[in-house]
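>>> what's the 3D shape of this:
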Amino acid sequence: MSVLHDWLDRYLRALEQDNASPYTIKNYGTDIAQFLDVCVAQGIATLDGLSRDVLRAYMADLDEGGYVRASIARRIFELRAFGDFLVRHHAWDQNLFRRIYAPRLAERLPKYLSPDEVRRLLAVPDPSTPQGLRDRAILEVLYASGMRVSELAALDLRDIDLGAGEARVIGKGDKERIVLMGAPAVASLRAYIDQGRPAYLGETPARAVFLNRLGGRLSSRSVDTLVRTAGIAAGIRQTVTPHLLRHTFATHMLDGGADLRVVQELLGHESIATTQIYASVTQRRAREVYLRSHPRASERKSE
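Numbers count the residues shown, from 1 in each chain. This next block holds a predicted model:
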């Protein structure tokens, strides 16, 4: 094994210690190793031999080999992170990989539901049954709070304060935050806990808020399935998922005039840049409304 690969192993162990997901570690290991293999094959055996020109040539080879822009950009981002690690451990004086520009990617704006589609979705569950009460509460809470499906599935009774309309969730990186719920979501959740949840309880007391038919914690996959099924029953054309409801929450908050940093905090985003994409959605829609509505917005001149 080369010195270059030794450093890669150290980097992957550091990612593991920082609780990076196995998926991330696997991808970083595979992609960076591919680049290092090419370097070793060219006779580059140490970190001193790595340069911008070597990386540029490697990226050009990927482009000629038919790799899509997103795949090439991902490798550049991964190598930049690897270079930052080398600098932090004094193996490099500067991160040369950060002087390479990634291919420009087309911006993909998140999809979302209209207010009417949300109303149709929430009307699907039958509140006269325990399952209907549970499913209505799940849909209401996902839309009202913007929480992730994993966060919802992990909720325990002690995490909820119905009086304050709040819930404590543990997000990515085991970071705790408070999410908010409006009156309709609180009412649905209260009705489920008081009237629906007892029907799911088994002999052993359960801490989880949302239970399956065996009295255990409802899984993220089961929540995803019921949300998709409700979307079909509501006649919504696009596939409705818990993450789509999270997008919808953020978009509707900004449409209502919420500050971007407030939405960032409620979503649990580490960076404001991640939340900024939702502002792009509202700005695009504002432009569409303007062009459609203002008498002098189009290119046609008034007679």
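>>> Got the domain ranges for this structure?
Domain segmentation of the chain under automatic domain parsing yields 3-99, 115-290.
>>> for the shortest one, how far is the first residue from the last?
By that I understand domain 3-99. 23 Å (Cα to Cα, to the nearest Å).
>>> mean confidence score for that domain?
If you average the pLDDT over domain 3-99, you get 86.
>>> ok, now the longest one?
Along domain 115-290, the predicted confidence averages to a pLDDT of 92.
>>> which residues in this protein form strands?
160-161, 166-170, 176-180 (DSSP state E).
>>> before we move on, back to that, would you convert the domains of the chain into CSV that also reports mean neighbour count and distance to Leu109?
Heads up, the C-betas are built off the backbone N, CA and C, glycines and all. What follows is the domains of the chain, written out as CSV (neighbours: other Cβ atoms under 10 Å; distance: least, Cβ to Cβ, whole Å):
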stretch, mean neighbour count, distance to Leu109
domain 3-99, 15, 16
domain 115-290, 17, 5
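>>> If we ignore the residues flanking it in sequence, what's nearest the residue positioned nearest the centre of the chain?
The centroid of the chain falls nearest to His243 when counting by Cα atoms, centre = their mean (7.3 Å). Of all residues not flanking His243 in the chain, Val149 sits nearest, at 7.1 Å (Cβ to Cβ, 6 or more residues apart in numbering).
>>> how about the one you found, what does it touch?
The contact partners of Val149, by Cβ atoms under 8 Å, 6 or more residues apart in numbering, come to Leu142, Ser220, Val223, Asp224, Pro242, His243.
>>> can you give me the helices in the chain?
3-17, 22-41, 52-64, 69-88, 115-122, 130-145, 149-153, 183-191, 220-233, 242-255, 260-267, 272-293 (DSSP state H).
>>> Tell me which of the strands of the chain lies nearest to Ser21.
Nearest of the strands of the chain to Ser21, taken as Cβ to Cβ: strand 166-170 at 15.4 Å.
>>> Which secondary structure elements does the closest one sit against?
helix 149-153, strand 160-161, strand 176-180 (3 or more Cβ pairs under 8 Å, 6 or more residues apart in numbering; DSSP states H and E).
>>> quick revisit: would you reformat the strands of the chain as CSV and include distance to Ala273?
CSV is the format used below for the strands of the chain (distance: least, Cβ to Cβ, whole Å):
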stretch, distance to Ala273
strand 160-161, 31
strand 166-170, 22
strand 176-180, 18
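>>> State the distance from Phe35 to Ala20.
The spacing between Phe35 and Ala20, counted by Cβ to Cβ, to the nearest Å, is 19 Å.
>>> now Gly268
17 Å.
>>> can you check Ala153 too?
From Ala153 over to Ala20 (counting by Cβ to Cβ), the distance is 22 Å.
>>> you'd agree Leu36 is up against Leu4?
Yes. The pair Leu36 / Leu4 is scored as a contact, 4.5 Å apart, by Cβ atoms under 8 Å.
>>> so which of the helices and strands packed on strand 166-170 gets nearest Ser51?
helix 149-153 (41.6 Å).
>>> who wins for proximity to Tyr200 among the helices and strands packed on strand 166-170?
Short answer: helix 149-153, nearest of these by Cβ to Cβ, at 14.3 Å.
>>> Just the C-alpha atoms of the closest one, please, in CSV.
In CSV, the C-alpha atoms belonging to helix 149-153 read as follows (Å, rounded to 0.1, in the frame of the first residue of the first chain):
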residue,chain,number,x,y,z
VAL,A,149,-39.3,11.4,8.8
SER,A,150,-36.6,9.9,11.0
GLU,A,151,-37.2,12.6,13.6
LEU,A,152,-40.9,11.9,13.6
ALA,A,153,-40.5,8.2,14.0
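>>> Use 14 as the first number from now on
Got it, first residue is 14 now, which makes that one helix 162-166.
>>> Pull the distance from it to the chain's centre.
Once both centres are worked out by Cα atoms, centre = their mean, to the nearest Å, helix 162-166 turns out to sit 12 Å from its chain's centre.
>>> again, but for stretch 153-173
Per Cα atoms, centre = their mean, the centroid offset for stretch 153-173 relative to its chain is 15 Å.
>>> now swap in stretch 266-283 and tell me
Stretch 266-283 sits 14 Å away from the centroid of its parent chain (Cα atoms, centre = their mean).
>>> Over to that stretch now: how far is its first residue from its last?
The first-to-last residue distance of stretch 266-283 comes to 18 Å (Cα to Cα).
>>> what do you get for stretch 163-172?
14 Å.
>>> Mind listing residues that contact that stretch?
151, 154-155, 180-184, 192, 206, 220-223, 230-233, 236, 255.
>>> what does stretch 52-61 give?
Counting by Cβ under 8 Å, 6+ apart, Ser15, Val16, Leu17, His18, Trp20, Gly62, Leu63, Val67, Leu99, Ala104, Trp105 sit against stretch 52-61.
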